[in-house]
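**Student:** Got a sequence here, can you build the structure:
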Amino acid sequence: MADTLVRNAAVESALGSRATAGDSTFTRNLTETRLTPPRLTTEVGGIRSVARALHDDVDDLHKRTHEDEWRTAAAERGKASVTSMLTELAGLGFAWRDIARMVGVSVPAVQKWRKGEKASGDSRIRIASLLAACDLIMSHYMVDEIASWFEMPLSSSAPVTPIVLYAANRADLVFEFASGHVDPEALLSEFDPDWRERYRSDFELFEAGDGNRSIRMKG
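**Tutor:** You can find the predicted model right below:
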């Protein structure tokens with residue numbers, strides 16, 4: 001009985017937060033009659049549906065704020081010279097091959113820009129966007145050694161890294177991974193629905209009798 005009263009009180013409190021000033025009759029009747037188990041199930045189910053819808057709406061809003069901030073920051077970053085932007089990316093620890101991959105050009109193209117050759121406007125905004133993405137992740141999600149973080153697989157089950165996501169034009173998934181709000185394997189499934197089969201291994205690591213790790217066939 002005590003547990004039921006506690007649950008009723010919790011539900012009434014939650015329902016009260018949904019009520020407006022004109023809902024006093026509803027709240028009074030709810031309190032006076034208490035909640036029968038069927039009514040409790042119905043009311044809690046309703047709250048759960050509202051919470052799920054709110055969760056989805058907030059997720060979408062957060063993704064849009066990521067996109068808006070990233071786009072604005074990239075425009076600001078793009079005011080700097082290409083040479084200085086590349087130098088800053090290198091200073092963050094990125095290898096030239098990874099910069100080239102995420103910008104969508106060859107390593108020789110990056111090397112030419114480093115020497116002062118002109119980059120196209122499209123390449124310039126891509127470089128600025130990569131820097132802006134790093135700014136966003138470091139400032140909001142306290143990621144240290146950002147270049148190393150970009151090399152870190154989302155899961156030990158697949159060799160998919162933020163570099164892979166970013167190079168595939170899925171910066172949105174990179175931001176979601178950095179935020180920590182989404183299961184990394186759910187992000188992998190959004191990126192590649194067949195990733196489990198694609199990266200499935202017939203081998204596994206195990207600790208041998210001598211205490212060292214070894215590899216063997218599964219099963």
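
**Student:** Next, A158: phi, psi?
**Tutor:** Per-residue torsions, A158: phi -150, psi 140 (degrees, to the nearest 10).

**Student:** ok, it - contacts?
**Tutor:** L188, W195, R196, R198, Y199 (CB atoms under 8 Å, 6 or more residues apart in numbering). The way it works is simple: take the backbone N, C-alpha and C, and place the C-beta from them, glycine included.

**Student:** So the fourth one sits against D192, correct?
**Tutor:** It refers to R198. Yes. Between R198 and D192 there is a contact under CB atoms under 8 Å: 6.7 Å.

**Student:** between these two, who's got more neighbours?
**Tutor:** Using other CB atoms under 10 Å as the criterion, R198 and D192 rank with D192 on top: 16 against 10.

**Student:** Quick check: the more buried one vs A186, distance?
**Tutor:** 12 Å (CB to CB, to the nearest Å).

**Student:** what's the answer for A208, then?
**Tutor:** 34 Å.

**Student:** Pretty sure E151 sits against V164.
**Tutor:** No. Using CB under 8 Å, E151 makes no contact with V164, being 9.9 Å away.

**Student:** Please say which of the two ends up with more neighbours.
**Tutor:** The neighbour count for E151 versus V164, taken as other CB under 10 Å, is higher for V164 (21 against 15).

**Student:** show me where this structure has strands.
**Tutor:** 203-207, 213-217 (DSSP state E).

**Student:** Can you get me a residue count around A95?
**Tutor:** 14.

**Student:** same deal with P184?
**Tutor:** 18.

**Student:** dump the residue contacts of it.
**Tutor:** Here P184 is in contact with L154, S155, F177 (CB under 8 Å, 6+ apart).

**Student:** My guess is the last one contacts P153. True?
**Tutor:** No. Shown here, F177 and P153 do not form a contact pair, counting by CB under 8 Å, at 10.4 Å.

**Student:** more crowded one of these two?
**Tutor:** F177 (23 against 14).

**Student:** which ones are touching that one?
**Tutor:** By CB under 8 Å, 6+ apart, the neighbours of F177 are L154, P162, L165, P184, L187.

**Student:** and the two most separated of the contacts of A158?
**Tutor:** L188 and R198 (10.0 Å; CB to CB).

**Student:** In the chain, spot the helix with the most residues.
**Tutor:** helix 37-77 (DSSP state H).

**Student:** what helices or strands is that helix leaning on?
**Tutor:** Here helix 37-77 touches helix 2-18, helix 121-141, helix 171-179, going by 3 or more CB pairs under 8 Å, 6 or more residues apart in numbering; DSSP states H and E.
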